[in-house]
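Visitor: here is a sequence together with a model predicted from it:
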Amino acid sequence: MRSPLLRSGPLQVALLVVVFLVLCAAIPANENSYLWRLPHLLSGLPEEINKFVKYMMFEWWPIDIYDPDIEEYEASPLIKEVTRAFSTAILFCIDLLREVFVGGVKTIAAVVGWDFARAHPDLVWPALPWTIVAAGAALLGYALKGGWLAAMAAFATLYISIFGQWEPAMETLSLVLIAAPISFTLGLFLGIAAFKSRAVEAALTPLLNVAQTMPHFSYLVPVMVMFGVGDHAGAIATIIFATPPMVRLTILGLKKVPLEVVEAAMMSGCNTQQLMFKVMIPAARRDILIGVNQMIMQCLALAVIASFIGAKGLGFNLLLALNQLRIGQALELGVCIVLIAVTLDKLSLAWANKKTDYFADQSFAMRHKFGLIFGAIFVGGIVLAWIGTFVFGDGINYFYMIPHNKGITTESFWQSGVDWMVENWYQGLQGFNRWLIVSVLVPMKTAFLAMPVAATFVLTMGIGFIVGGLRSMVTVGLFLLFIALTDWWDRALITAYMATFAVIVSVIIGFSIGALCAHNESASKVALLLCDTFQTFPSFVYLIPVIMLFGVTDTSVLIAVIVYATIPATRYTIEGLRSVPPALQDLGLMSGTNWYQRFASIELPLALPHIMLGINQTVIFALFMVIIGAMIGTDDLGQYILKALSDKNGIGNGLMLGLCVAFMGLAVDHLIQTWARKQRAKLGIA
Amino acid sequence: MLKYLYTTLSAASIALALGGAASAQDSAEPIIIPTHNWSSQVVMAYVIGGMFESIGDKVEYVPADSQAVYEAIRNGDVTISHEVWQSTFGASFYNAMAQGGVIDAGNHEAMTLEELGVPHYVVEQNLCPGLPAWEALKDCAAVFATADSDGKGRILEGPQSWHGDLMPDRVAALGLDDKYVVKFAGSADAIWAELESAKKEGRGIITFNWTPNFTDADGFDFIKFPAYSDGCRKADGGDGSCGSPIGWLKKAANYKFPKTHPKAYTIFSKISFSTAQIGQMAALVDIDKMSHEDAAKKWLADNQDVWMTWTK
């Protein structure tokens, strides 16, 4: 039996910290001591993974394929042929959609063959005039929700067109419009399968965990090797990244469907299909829609990264603009990405919430009102484009398509803003920068690196024990053990130091903003909209001005990380505080509490489990961004992940390094989830 | 074993292509040209694409990471790469070549230099007397100090993936390591951002850079390190106390390219841009602010006498 004293949480933590500090002081820095650093038992693994993938992709089960271009049979491995066939299919869909928007010849060539297409150069699919797409989008918005959504869709399309980003935007949109439905379907069905079978759920959970915490840079090379370079590879990377939240929220939603609803459906004689699709999914709609929101945000968040492996569109143009330091242009492109994300999100939400009126008795014209209007728009747009050929003389028909970068631009305004900022702020910020680096960051980094491995394990496994008992202790220990046995423990410590610093600052900022906004409905809405914006706005855009002000230093990296990691901290704080039942607030009010007492004793404890999940997301976002920070210049795991893009063992190194980051995230994730679950049970909230 | 097989195979295919080039017809399948994130490369992609189109071939452009692209060429997902820089992409290029599937399609006329240097105003304003001779660095570490360099001078090197520990080794071999630290930037963009910021402030900065590049326009002085000789680098067994060699700029292609598009391959192997021409292409975008496609069209129109000799 443990004494009651030892069962008190704070005391246990204090004791643990004391043991940890004693261990840190007692164990000397000696590379040969296993207490200081574990042996690198896994250093051969990346090469083995690499060999295995290469063998599977390039040697295993060769089949003879006739290549008409070189008039020879070539042995091509089975898996490569299968993955490439899959790529071709996805690419065909993307191209088809893309050519509807911007025209082209690839779809036709895919059907009739390139030889025929070359022989008939006039055979080109014409682009839809942008006016039709813009008016169509507005009409769709109106049909689904009404005036506001129509105005928003119109604004987004007009902005994109007038700023001369129509072509890249439609290229990105066509990729997203293929990737998002695949993610949605995949996510929904995996979610349903996991809900129905415990075995599936058990198998899926670790995969989802890893897919959500693995930095995207680490699977770019494997995706490229397996599926090739191009929009299809970009789409596949996007799907891998965007599906997990959809699966998770589907499972969550289905689990929350009340038993009464299911019973009522059974009594009305639903079969399994009807039960799932007509009853349970509609009942679980709220969570599934959050999943759709997150999925769409993730799709657009990957727009820039996907261009590393061949996705055309806004992301690639953004990187190109940044390389020329044209921040204004990059900003405009970033806004396009955000506009597409928000519009798609709102449209899909409106579509899902639209109610069918089964009893309306309408005429043909009424029932097909929107189809007829669109027909009119279509004809009108074409006529307008035709008129345009006479109006504009310089070879550009602005009514048909505003060519890339030929629209209006606010570039010079932003550019002078950045120039002004650098000229006026640089000197002033240097003092702060030096202080932060010398007095805070360097000591913190040194402290992390001075931790003996034994002490790190005692501390983390100890926390695991306090939070979740033996099981959590072992889980956390195994995650860390994997990292400790690779070559990269020191680098992981540096990643951990940066993530820790960023999480602390982000949580303070996010929690403060969240707590201040939560009491006011419109403030909350604005804050959540800002969260959506910053989640999809490519961080690369503000990385450059940050580097100009703070140089290639850890400060720059951390600022970028904090901007991004504050998003979930804010979002979950607002959601958590706003979901406190009003009845409890009233109860507090009646008991004569002041606002502070209500906040500290009623709202906060009730919202804390949800807020902790936000902190969990903050940790994951921070890890993600620390890795992207390698683009600025770091000496942690991220630098090696980026390096894996050109390594000989790139696939193996990338995946292993990615797993190291994922396991760090998962260890924290496990601890917080376990704590939140227990706390919820204690408070009696689901 | 397979590696050598592929290398011989690719050599054989070149021979085959050169032999049969006159009669064979190019495939109608598009030639896939990668675009990376810097101006001259993108303009050159459209310029080369324009040449291929002038003989009736189809061309497609695909964005790709400049390091990872060689793996894609190897697998046939991308057909060519037209700017293989010795120092930055040599490692990736030779890695892919060793595994088979990539062939060397010759060099450009342009010679390149990839070396540490300072913006021209550092020399002009005599911020560090004696530059560009490397010995001058010994006495002005403070000029190049930054917030995180602990009073030492900071040398901003490109990403570690470009050429590993070349610069730290050199700094140590020259005995500069007690006065200078080498910081790896994460990307070229990070270097440009620091350069731009330093220019606005007029402060001293040492960065890795190369020529031909858009920074040539503002003036950039490369530091004169002890001359390069074969085997002087630490990786090659030397002590590492030498500067960079005058480097090559190569063209690479997938091993099937000579067979599938013999005519286009012949053009590609003949293409040889000079430093001035590459500079022109970059300037059309960076200075005249044209779009990359328009810049390529203009270049092709203005320089028909240059490229028509290759496509004949």
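Guide: Alright, I've got the coordinates. Computed from a predicted structure; not experimentally measured. Residues are numbered from 1 along each chain as shown, chains lettered A, B, ... in the order given.

Visitor: for A:Leu220, give me its contacts.
Guide: Applying Cβ atoms under 8 Å, 6 or more residues apart in numbering or on different chains to A:Leu220 gives the contacts A:237, A:305, A:308-309, A:645, A:654, B:65, B:68. For glycine as for every other residue, the C-beta is placed from the backbone atoms N, C-alpha and C.

Visitor: A:Val279: which of those residues is nearest?
Guide: Relative to A:Val279, the closest of the contacts of A:Leu220 is A:Ala237; by Cβ to Cβ it sits at 35.2 Å.

Visitor: need the pLDDT of that closest one.
Guide: Note on A:Ala237: pLDDT of 92.

Visitor: and for the one 4 residues further on?
Guide: The score at A:Phe241 is 89. That number is its pLDDT.

Visitor: and for it, the neighbour number?
Guide: 23 (other Cβ atoms under 10 Å in any protein chain shown).

Visitor: you'd agree it is up against A:Ala211?
Guide: Yes - using Cβ atoms under 8 Å, A:Phe241 is in contact with A:Ala211, at 7.5 Å.

Visitor: any idea how the chain splits into domains?
Guide: In the absence of a named chain, this looks at chain A. Domain ranges of chain A: A:49-119, A:177-321, A:410-444, A:488-686, per automatic domain parsing.

Visitor: the chain in question should be chain B.
Guide: With domains defined by automatic domain parsing, chain B comprises B:2-109+B:248-311, B:112-246.

Visitor: which residues touch B:His163?
Guide: B:87-88, B:90-91.

Visitor: try B:Glu157
Guide: Taking Cβ under 8 Å, 6+ apart as the test, what B:Glu157 contacts is B:116, B:167-168, B:182-185, B:207-208.

Visitor: and the stretch 201-312 of chain B, which of its residues are near chain A?
Guide: B:201, B:214, B:256, B:259-260, B:285-286, B:291-293 (Cβ under 8 Å from any Cβ of the partner chain).

Visitor: try it again at 6 Å.
Guide: B:201, B:256, B:259-260, B:291 (Cβ under 6 Å from any Cβ of the partner chain).

Visitor: which of the helices or strands spans the residue nearest to A:Asp287 when sequence neighbours are not counted?
Guide: Nearest residue to A:Asp287, sequence neighbours excluded (Cβ to Cβ, 6 or more residues apart in numbering or on different chains): A:Gly253, at 3.1 Å. Using DSSP states H and E, the element containing A:Gly253 is helix A:231-256.

Visitor: same thing with B:Val62?
Guide: Going by DSSP H and E, B:Val62 is part of strand B:59-63.

Visitor: and for residue 264, the neighbour number?
Guide: Assuming you mean chain A. Neighbours around A:Ala264, by other Cβ under 10 Å: 12.

Visitor: wait, chain B
Guide: Neighbours of B:Ala264 (other Cβ under 10 Å): 27.

Visitor: could you identify the most distant pair in the contacts of B:Glu157?
Guide: Longest span within the contacts of B:Glu157, Cβ to Cβ: B:Pro168 and B:Thr207, 14.9 Å.

Visitor: tell me where the stretch 151-300 of chain B has helices.
Guide: B:160-163, B:166-173, B:188-201, B:257-260, B:262-270, B:275-286, B:292-302 (DSSP state H, counting those that start in this stretch).

Visitor: any idea which of the ones you listed scores lowest on pLDDT?
Guide: Among the helices of the stretch 151-300 of chain B, helix B:160-163 scores lowest, at a mean of 81.

Visitor: so which bits of that one are buried?
Guide: By 16 or more other Cβ atoms under 10 Å in any protein chain shown, the buried positions in helix B:160-163 come out as B:160-163.

Visitor: stretch B:149-156 too?
Guide: Those would be B:149, B:152-156, for stretch B:149-156 by 16+ other Cβ under 10 Å.

Visitor: which pair in these spans the largest distance?
Guide: B:Lys152 and B:Leu156 (13.0 Å).

Visitor: what's the spacing between the residue nearest to A:Asp287 and A:Glu575?
Guide: 16 Å (Cβ to Cβ, to the nearest Å).

Visitor: between these two, tell me which one has more neighbours.
Guide: A side-by-side neighbour count of A:Gly253 and A:Glu575, using other Cβ under 10 Å, places A:Gly253 first with 22 against 19.

Visitor: mind listing what that one touches?
Guide: A:284, A:287-288 (Cβ atoms under 6 Å, 6 or more residues apart in numbering or on different chains).

Visitor: report the separation between it and chain B.
Guide: Applying Cβ to the nearest Cβ, to the nearest Å, the value for A:Gly253 to chain B is 37 Å.

Visitor: my understanding was that A:Thr131 contacts A:Val383; is that so?
Guide: No - the pair A:Thr131 / A:Val383 is not scored as a contact, 10.0 Å apart, by Cβ atoms under 6 Å.

Visitor: quick one: name whatever helix or strand follows the lowest-mean-pLDDT helix or strand in chain B.
Guide: The weakest-scoring helix or strand in chain B, judged by mean pLDDT, DSSP states H and E, is helix B:2-20 (a mean of 45). Using DSSP H and E, the helix or strand that follows helix B:2-20 in sequence is strand B:31-35.

Visitor: can you tell if that following strand touches chain A?
Guide: No - using Cβ under 6 Å from any Cβ, we find that strand B:31-35 stays clear of chain A, coming within 7.3 Å at best.

Visitor: comparing A:Thr131 and A:Val383, which shows the higher neighbour count?
Guide: Using other Cβ under 10 Å, the more surrounded residue of A:Thr131 and A:Val383 is A:Thr131, with 22 against 12.

Visitor: for the more buried one, what are phi and psi?
Guide: Main-chain torsions, A:Thr131, degrees, to the nearest 10: phi -60, psi -40.

Visitor: out of everything not next to it in sequence, what's closest to it?
Guide: Per Cβ to Cβ, 6+ apart, closest to A:Thr131 is A:Gly381, 4.5 Å.

Visitor: ok, that neighbour touching A:Leu128?
Guide: No - counting by Cβ under 6 Å, A:Gly381 does not reach A:Leu128; the two are 7.6 Å apart.

Visitor: endpoint to endpoint, stretch B:163-179 covers what distance?
Guide: Using Cα to Cα, to the nearest Å, the end-to-end distance of stretch B:163-179 comes to 22 Å.

Visitor: which regions of the stretch 201-350 of chain A sit below the pLDDT cut-off?
Guide: Along the stretch 201-350 of chain A, no part satisfies pLDDT under 70.

Visitor: residues of the stretch 51-200 of chain B that sit close to chain A?
Guide: B:62-65, B:67-68, B:72, B:77-78, B:92, B:95, B:146-148, B:160-161, B:183-187, B:189-190, B:192-194, B:196-197, B:200.

Visitor: show me which of those are buried.
Guide: Going by neighbour count (16+ other Cβ under 10 Å), those have B:62-65, B:67-68, B:72, B:77-78, B:92, B:95, B:146-148, B:160-161, B:183-187, B:189-190, B:192-194, B:196-197 buried.

Visitor: so how far is chain B from the most centrally placed residue in chain A?
Guide: Among the residues of chain A, A:Gln298 comes closest to the average C-alpha position under Cα atoms, centre = their mean, at 3.5 Å. Distance check for A:Gln298 against chain B: by Cβ to the nearest Cβ, it reads 20 Å.

Visitor: check which helix or strand covers that residue.
Guide: helix A:285-301.

Visitor: what's that helix in contact with?
Guide: Contacts for helix A:285-301 (Cβ under 6 Å, 6+ apart): A:176, A:179-180, A:183, A:238, A:241-242, A:245-246, A:249-250, A:252-253, A:337, A:341, A:344-345, A:348, A:352, A:535-536.

Visitor: make a PyMOL selection of the buried ones in the residues you listed.
Guide: Buried residues within the contacts of helix A:285-301, by 16+ other Cβ under 10 Å, are selected in PyMOL with:
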select buried, chain A and resi 176+179+180+183+238+241+242+245+246+249+250+252+253+337+341+344+345+348+535+536
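
Visitor: which bits of chain A sit near chain B?
Guide: Near chain B, when you scan chain A using Cβ under 6 Å from any Cβ, you find A:69-70, A:114-115, A:118, A:228-230, A:307-308, A:310, A:316, A:319-320, A:322-323, A:325, A:405, A:422-423, A:426, A:433-434, A:437, A:544, A:547-548, A:551-553, A:630-633, A:643, A:645-646, A:648.
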